[in-house]
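Trainee: got a predicted model here, sequence first, then my questions.
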Amino acid sequence: MTGPATGAAPGPVTVPTHWYNVVAELAGYVAEERRPALQPGRHGIRPQLPLSIYRQSVSDEPFIEIPAAVRAEYERWRPTPLVRAHRLERLLGTPARIYYKCEAASPSGSHKLNSAIAQAYYYKKAGIRGLVTGTGAGQWGTALSMACAAYDLELTVYMVRCSYEQKPQRRVLMELNGARVLPSPSTTTEAGRSILAADPDCPGSLSVASSEAHEIAQEGDGIRYSAGSGDNHVLLHQTVIGQEAVAQMAALGEHADTVVAALGAGSNFAGIAMPFHRQSRLTGRPTRLVAVEPTSCPKLTRGVYAWDHHDALGNTPMSKMYTLGHTFIPSPIHAGGLRYHGAAPVISWMYREGLIDAVACGQHQVFEAGVTFARAEQLIPAPESAHAIAHVIDRAIRARETGTPETILFNLSGHGLMDLGSYDKYLNGLLESDAAAEAEVEQALSRLATAGV
Ligand SMILES: Cc1ncc(COP(=O)(O)O)c(C=O)c1O
């Protein structure tokens, strides 16, 4: 993957020594939006973060040092390759130059390990015995199971039921690393039981899994909730991606006109995009930052900017964010990591201010893009990452049609080797309809409008 034939970047790019905290540099990002933990949840919850992580999440420092032990872990697989997708360019006949940052090269197969390792380190240092979390397609659960194995922490993972059924190998991978994995909604929590009572066939969602995980964490006993995305500290940890990419593009003498990444709750997008946002501010040379979400869960492009909870039952504190409503259960699309009702507060604020862009893609277009990329580049993208690819292909075709060259960088956030069942469905014409999923979004939006949100 890294030889000259594939266009991997040369140059002495090293693992960053600091994470980049964009929140500290956003003039106008007002205090109550920056401190969402002060907004109470319906029932109130015990704080979950160790002081070390809490300090990061409210820090006014633009750069926060990465502990030497965490950096040493990162050095096992970072810097990840920056690759030029020559074959995809040729296939599309585009004058666009397409690069991807390959987070699929991490031991867990996705970007999620960047935060999992950091969180496991801090929780362990704080004397915590174990963690509990929710996962969608299982990329976060996999990464956290590896990090917990490395730091000798127990782990329970509530995995969204539809993904648990679509991607059975994910459960094995997490169990192999010592985690206990339960399909969510489950009968092990009141949250799960209440949701199953209302809908025994509920496919689950990240906000439901999060309600269950929070409930377990409330029971105390040395177990804490760990978030896989959305919170400031998770976005922060992911910025190693963008910092490396800024340096790798510079080493190639390239300027990224556009940076594209899939958006679940926002850590993947923030991870690659925020360092480019900083570079643009410093150099005055613009880079368009585009978040790509599914049409079945389009919080930025269709949602409302409002105070909302992070979990389905409304037990977590509220944040101001673009949301489809915390009770919204998206259709069981195969990009399970993108089935979250809201976008990270800081990403939401930047979107409202016009600092970033967003587009939505349907799942058929996404899988077509995933297959096109796989055949051209010999790397199977996760369905989440294929959302970014779908938009990149759109832009590359537009560049061909208008004759306008453009340099596009996207984050290949994970590989799809555990998603072959989903690709199989696509290849055999069995993928679920986009129209039905989009109709459910319309219903959610009209519920919000009726409720006056
Ligand atoms: C491979 C992959 N890419 C992107 C995402 C979206 O992540 P985020 O919530 O960090 O935006 C996920 C989420 O699970 C994922 O697994």
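Mentor: Thanks, I have it. Residues are numbered from 1 along each chain as shown.

Trainee: let me see the mean pLDDT of stretch 397-406.
Mentor: Per-residue pLDDT values over stretch 397-406 give a mean of 97.

Trainee: span of that stretch from start to end?
Mentor: 11 Å (CA to CA, to the nearest Å).

Trainee: pull the residues that contact it.
Mentor: 92-97, 257-258, 395-396 (CB atoms under 8 Å, 6 or more residues apart in numbering). From N, CA and C alone the C-beta is placed, and that goes for glycine too.

Trainee: so which residues on the chain come close to the ligand?
Mentor: 110, 136-137, 139-140, 229, 262-269, 337-338, 382, 384-385, 413-414 (CB under 6 Å from any ligand atom).

Trainee: skipping its backbone neighbours, what lies nearest Phe367 in space?
Mentor: Distances taken as CB to CB, 6 or more residues apart in numbering put Tyr426 closest to Phe367, at 3.9 Å, once the chain neighbours are dropped.

Trainee: of all of the stretch 201-350 of the chain, which residue lies closest to the ligand?
Mentor: Gly337 (2.2 Å; CB to the nearest ligand atom).

Trainee: the strands in the stretch 1-150 of the chain, which residues?
Mentor: 18-20, 63-65, 82-84, 97-102, 130-135 (DSSP state E, counting those that start in this stretch).

Trainee: to Ile408, which of those strands lies closest?
Mentor: Closest of these to Ile408 is strand 97-102, at 5.2 Å (criterion: CB to CB).

Trainee: for the spatially closest residue to Thr135 that is not a sequence neighbour, what are its contacts?
Mentor: Take Thr135 and drop its neighbours on the chain: the residue closest to it by CB to CB, 6+ apart is Gly141, 3.3 Å away. Contact partners of Gly141, counting by CB under 8 Å, 6+ apart, are 133, 135, 157, 159, 170, 174, 179, 181, 228.

Trainee: is the fourth one in a bridge, and if so with what?
Mentor: Beta-bridge partners recorded for Met159 (DSSP bridges): Thr135, Pro183.

Trainee: isn't it up against Arg180?
Mentor: No: contact criterion CB atoms under 8 Å: Met159 and Arg180 do not qualify, at 10.6 Å.

Trainee: so for the two, which sits in the more crowded spot?
Mentor: More crowded of Met159 and Arg180, by other CB atoms under 10 Å: Met159, with 30 against 14.

Trainee: can you check the pLDDT for the more buried one?
Mentor: Looking at Met159, the pLDDT reads 98.

Trainee: ok, now Ala436?
Mentor: So Ala436 comes in at 93 (pLDDT).

Trainee: what do you get for Pro12?
Mentor: At Pro12, pLDDT is 84.

Trainee: how far away is it from Ala69?
Mentor: 23 Å (CB to CB, to the nearest Å).

Trainee: then Tyr20?
Mentor: 20 Å.

Trainee: these two - which one has more neighbours?
Mentor: The neighbour count for Tyr20 versus Ala69, taken as other CB under 10 Å, is higher for Tyr20 (25 against 14).

Trainee: residue contacts, the more buried one?
Mentor: 62-63, 236, 239, 242-243, 274-275, 278.

Trainee: give me the beta-bridge partners of it?
Mentor: Counting by DSSP bridges, the residues bridging with Tyr20 are Phe63.

Trainee: so it versus Glu442, what's the distance?
Mentor: 38 Å.

Trainee: and the gap between Pro123 and Glu103?
Mentor: Let me fix one detail, which is that residue 123 is Tyr and not Pro. Tyr123 sits at a distance of 23 Å from Glu103 (criterion: CB to CB).

Trainee: in the chain, spot the helix with the most residues.
Mentor: helix 383-402 (DSSP state H).
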